[in-house]
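Student: Quick check, what structure comes out for this input:
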Amino acid sequence: MNVMAHAHWVGPSRFSRFRLRSTAAERRSRIYRADAHAVFRHIAGRAYSVHVTDLRTERASVTITNLALPSSDIDLFSDEALADPYPVYKQLRDLGPLVELTQHGVVALSRHAQVVDALTDSQTFSSADGVGLNDLSNSAFQGTLIGSDPPEHTRWRAVLAERLAPRSLRELKTDVVTRVDEYVADLVSRGSFDAIADLARAVPVAVVLDLLGFPQEGRDQLLGWAERFGDINGPANDRMRAALPAVDELFGWLATTCTRDRMIPGGFATTIHEAAERGDIPEDAVVPLMSSYALPAMDTTISARQRPMGWCTSDR
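Tutor: Numbering: from 1, shown residues only. Down below sits the predicted model:
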């Protein structure tokens, strides 16, 4: 479960989801368009004012001093929260747009507007030092799409964007629909099947990985690696440590098995190797960028199918 999709956190340490780039003096004088920025004054215990102006109306500004944030001892990485996070997300939203999570020493941005402000302001909120709550995760994912800022992030994203453009995806639609229809027809012919194991989990492996261009060898392990991805970014607890081998195995597979000569021609991830051959990106960027395809392809695709199916079969 990738909780960062719903509750982002900020703070002054390297365990933060984002880090503030500007100095304390700059923060005292800047005009902010989002109250999310004021959280850093609170965390650092500084007693200075934050000047806030409504940029939509350009009306007179107000000065806020000694802002007190709501706090919570909610643990977003507990077994209960990971199994059903939505009641926890609602609790955080009800407390306010910014909530200090005392168990982790960070502040959660719990509402849409504040999350968007942070995600669209890389000059203030940086992802380059990592997006997790532990040193090992932040080190492992440096140089990946989620662990970089512009201009590097823009450069990496451009390599992926061409194959993910609407026109390119539309060209694939007929082939994908045909393959999925054939897969579903086979399942229906059995008389009964497990919608989660046989459909939601199997289709991405059977179809998406072909589109990405990854070789057959090792595909059966990719799903397991992807399932541990969310655990890697959490606090340094037993769950995180148990997931560490998955990171080494994934990057090892990408480096030794997913070589240029073994990738499927025309695959999305294959174009990363081609970009390196053209000199568009350095060779050492290939494996980190391929991980940007491998992990989300499994994690988000499977989750998107599992949850509606879970709702359909739930007693709730």
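
Student: So which bits of stretch 110-127 are buried?
Tutor: Of the residues in stretch 110-127, those buried under the neighbour-count criterion (16 or more other C-beta atoms under 10 Å) are Ser110, Arg111, Gln114, Val115, Asp117, Ala118, Asp121, Ser122, Thr124, Phe125, Ser126, Ser127. (Glycine included, C-beta is placed from N, CA and C.)

Student: and the end-to-end length of that stretch?
Tutor: One end of stretch 110-127 sits 18 Å from the other (C-alpha to C-alpha, to the nearest Å).

Student: Distance to Arg239, secondary structure and pLDDT added to the buried residues of stretch 110-127, as TSV?
Tutor: Rendered in TSV, the data for the buried residues of stretch 110-127 read as follows (distance: C-beta to C-beta, whole Å; DSSP: H, G, I helix; E, B strand; the rest coil; pLDDT from 0 to 100):
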residue	distance to Arg239	secondary structure	pLDDT
Ser110	22	coil	90
Arg111	27	coil	90
Gln114	27	helix	87
Val115	24	helix	88
Asp117	30	helix	87
Ala118	25	helix	86
Asp121	31	coil	87
Ser122	29	coil	87
Thr124	31	coil	82
Phe125	26	strand	84
Ser126	26	strand	87
Ser127	22	coil	88
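
Student: Can I get the residues you listed in JSON lines including distance to Ala294?
Tutor: Compiled in JSON lines, the buried residues of stretch 110-127 are given as follows (distance: C-beta to C-beta, whole Å):
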{"residue": "Ser110", "distance to Ala294": "30"}
{"residue": "Arg111", "distance to Ala294": "31"}
{"residue": "Gln114", "distance to Ala294": "30"}
{"residue": "Val115", "distance to Ala294": "25"}
{"residue": "Asp117", "distance to Ala294": "30"}
{"residue": "Ala118", "distance to Ala294": "26"}
{"residue": "Asp121", "distance to Ala294": "28"}
{"residue": "Ser122", "distance to Ala294": "24"}
{"residue": "Thr124", "distance to Ala294": "30"}
{"residue": "Phe125", "distance to Ala294": "26"}
{"residue": "Ser126", "distance to Ala294": "24"}
{"residue": "Ser127", "distance to Ala294": "19"}
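
Student: Out of those residues, the closest to Leu254 would be?
Tutor: Proximity to Leu254 was ranked across the buried residues of stretch 110-127 by C-beta to C-beta; first place goes to Ser127, at 20.8 Å.

Student: what helix or strand is Ile100 on?
Tutor: Quick fix: residue 100 is Glu, not Ile. Using DSSP states H and E, the element containing Glu100 is strand 98-101.

Student: Pull out the buried positions in the strand or helix carrying Asp186.
Tutor: Secondary structure from DSSP H and E places Asp186 in helix 166-189. Buried residues in helix 166-189, counting neighbours by 16+ other C-beta under 10 Å, are found at Tyr183, Leu187.

Student: again with stretch 143-160
Tutor: Counting neighbours by 16+ other C-beta under 10 Å, stretch 143-160 gives Gly143, Thr144, Leu145, Ile146, Gly147, Ser148, His153, Trp156, Val159, Leu160 as buried.

Student: cool, and stretch 197-207?
Tutor: Taking 16+ other C-beta under 10 Å as the criterion, stretch 197-207 shows Asp198, Leu199, Ala200, Arg201, Ala202, Val203, Pro204, Val205, Val207 as buried.

Student: Arg155 and Asp280: what is the separation?
Tutor: According to C-beta to C-beta, to the nearest Å, Arg155 stands 8 Å off from Asp280.

Student: for this structure, what are the low-confidence residue spans?
Tutor: Per-residue confidence for the chain (pLDDT under 70) gives these ranges: 1-68, 296-316.

Student: Going along the chain, name the strands of it.
Tutor: 8-10, 19-20, 31-32, 50-52, 62-64, 71-72, 98-101, 106-109, 125-126 (DSSP state E).
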